[in-house]
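>>> using only what follows, build the 3D model:
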Amino acid sequence: MKKTLLETTGFSNTYNCYVLVAYRHELNAKKPVKATVMGLDVIVVQNAKGEISVLDGYCPHMGAPLAGGKIVDDCIVCPFHSWTFNTDGQRVNEQGEPLKKQARTIQKYPVKVVGEYIFAWFDEHQATAKPFIEIPDLEYSDFHQAAMRPYAFANVSLACAVQIPYENTADATHFETVHHNLYAPRQKPGDYGYDPVDKIWFSNVYVEGYTFLEKIGIKFTFPHHVKMWGPNNACDDLPFTYSANEKLKRFLPKRWKELSFTIPVRVTILGVPTDSENSLFRMALCFKDHKQSQYPRLKFLLNKLMAKMIMPLARWEFENEGRTIFETKVNFPNVDHLPSYEREPMKMFLKYCSEFSRGKNKEHENILRKAS
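Here you go, the predicted structure:
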């Protein structure tokens, strides 16, 4: 019999924090967009004013899936009996006026919209639940002071608890083993931190170069500045700094030998715990907004081209690690056996994740207590 996530990892896949439900570009003017979060099916809709709503995904009449319906005049029409609801979840008549008699409503969830990203909060005790954290501004890079915009997207589904891949933010030592074919196996020790007030986890790890690019003389250095809020939302600022090594300099004109420049890059990996055993990781690759450029159309095309080239590699790397390690990984919530350089950041990370767990049984609470 397959063990549950709680038995294998020490964590359930339900959390009290904001979860990504959709991107703005996915919204459809004619049909609701479906999302599944922690076993709950919901729909995402937008009215003519641009207001976005996240609602329960089933009609309260006879349980038909509203994602199979349509949107008419800012109203959701059920595909089964044509019951009609506005984007606040109220049942309305043909003219869009709320009904008072025999009316049933659809549950509406709190929403936060940050640029391209649409988040919702699904805790059943929304009036009193803690923590209730805000979503940081994903459009601006903390390290580059530049407006960042996503240009490419990818999804990876893994059969694991949502926080497991994010353990990498507390585990710098895996780079040399897991990523040696891509990154040059040289790095500086990472530093880690946890802000208990704003409930933000951050880590900084410095890696030098791409292995395959170094073979042709191109040197890249890129510090990973990772910030997390909740156990499932992370953004990674990667200022790629280019320079030529001595091998390549022999073939370059004099004015190019010392050329160096930095490209601001941000990767967001937002995890959606789809049910008790599975998670969906939604990746976005962001570059400096082309509208700030002198030649915005050209900059847009260059950003789009770079994103299309880099995203398949980033997705493959994340998915490959997920399939070979994350899906079958067993956590050891008591990390005292680890060496100090691994133990302290991992204990800090596990304690951070435990603050967002909604697990109620005693076994779960005991495991979290050991982790912290």
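>>> please tell me how far residue 346 sits from residue 169.
Distance from residue 346 to residue 169, counting by CB to CB, to the nearest Å: 10 Å. No exception for glycine: its C-beta is placed from N, CA and C like everyone else's.
>>> more neighbours: which of those two?
Remark: of residue 346 and residue 169, residue 169 carries more neighbours, 24 against 20, as counted by other CB atoms under 10 Å.
>>> give the buried residues for stretch 67-84.
Across stretch 67-84, burial judged by 16 or more other CB atoms under 10 Å covers 67, 69, 71, 74, 75, 76, 77, 78, 83, 84.
>>> out of these, which is nearest to residue 204?
Nearest to residue 204 among these is residue 67, at 41.1 Å by CB to CB.
>>> ok, the closest one - contacts?
31, 32, 33, 34, 41, 43, 57 (CB atoms under 8 Å, 6 or more residues apart in numbering).
>>> just to revisit the earlier point, and the furthest pair within the buried residues of stretch 67-84?
Maximum distance among the buried residues of stretch 67-84 (CB to CB): 17.1 Å, for 67 and 74.
>>> ok, back up a step: can you tell me which of the buried residues of stretch 67-84 are in strands?
71, 75, 76, 77, 84 (DSSP state E).
>>> where do the helices sit along this protein?
Counting by DSSP state H, residue ranges of the helices within the chain are 5-9, 175-178, 211-214, 246-249, 254-257, 296-324, 340-354, 362-371.
>>> one step back: pull out the buried residues from the contacts of residue 67.
Buried, going by 16+ other CB under 10 Å: 31, 32, 33, 34, 43, 57, out of these.
>>> distance check, the second one against residue 123.
Right, residue 32. From residue 32 across to residue 123, the span is 22 Å (CB to CB).
>>> show me what contacts residue 256?
Contacts of residue 256 were listed using CB under 8 Å, 6+ apart, and they are residue 244.
>>> pLDDT value on it, please?
Residue 256 carries a pLDDT score of 77 in this model.
>>> residue 238 now?
Residue 238 is given a pLDDT of 84.
>>> gap between it and residue 221?
Per CB to CB, residue 238 is found 10 Å from residue 221.
>>> likewise residue 237?
14 Å.
>>> swap in residue 297?
Distance of residue 297 to residue 221, computed by CB to CB: 31 Å.
>>> which of those two has more neighbours?
A count of neighbours by other CB under 10 Å puts residue 221 above the other of residue 297 and residue 221, at 16 against 9.
>>> surely the more buried one touches residue 205?
No - counting by CB atoms under 8 Å, residue 205 is not a contact partner of residue 221; they are 12.0 Å apart.
>>> now, among the ones in strands among the buried residues of stretch 67-84, which is nearest to residue 328?
For those, the nearest to residue 328 is residue 76 (40.6 Å; CB to CB).
>>> hmm, residue 107 is touching residue 85, no?
No - judged on CB under 8 Å, residue 107 makes no contact with residue 85 at a distance of 11.1 Å.
>>> those two: which is more packed in?
residue 85 (27 against 14).
>>> tell me who's in contact with the closest residue to that one other than its chain neighbours.
Spatially, and ignoring its direct neighbours in sequence, residue 85 is nearest to residue 76 (4.8 Å; CB to CB, 6 or more residues apart in numbering). By CB under 8 Å, 6+ apart, residue 76 lies in contact with 32, 43, 45, 55, 66, 69, 70, 84, 85, 86, 87, 106.
>>> for those residues, give me CSV that also has pLDDT and distance to residue 323.
Listed next are the contacts of residue 76 as CSV, based on pLDDT from 0 to 100; distance: CB to CB, whole Å:
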residue, pLDDT, distance to residue 323
32, 96, 32
43, 97, 30
45, 96, 34
55, 96, 34
66, 96, 33
69, 95, 36
70, 94, 37
84, 92, 44
85, 94, 40
86, 92, 43
87, 93, 39
106, 92, 37
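>>> how about JSON lines for those, with distance to residue 163 added?
Listed next are the contacts of residue 76 as JSON lines, based on distance: CB to CB, whole Å:
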{"residue": "32", "distance to residue 163": "29"}
{"residue": "43", "distance to residue 163": "26"}
{"residue": "45", "distance to residue 163": "29"}
{"residue": "55", "distance to residue 163": "27"}
{"residue": "66", "distance to residue 163": "30"}
{"residue": "69", "distance to residue 163": "34"}
{"residue": "70", "distance to residue 163": "37"}
{"residue": "84", "distance to residue 163": "40"}
{"residue": "85", "distance to residue 163": "35"}
{"residue": "86", "distance to residue 163": "36"}
{"residue": "87", "distance to residue 163": "32"}
{"residue": "106", "distance to residue 163": "30"}
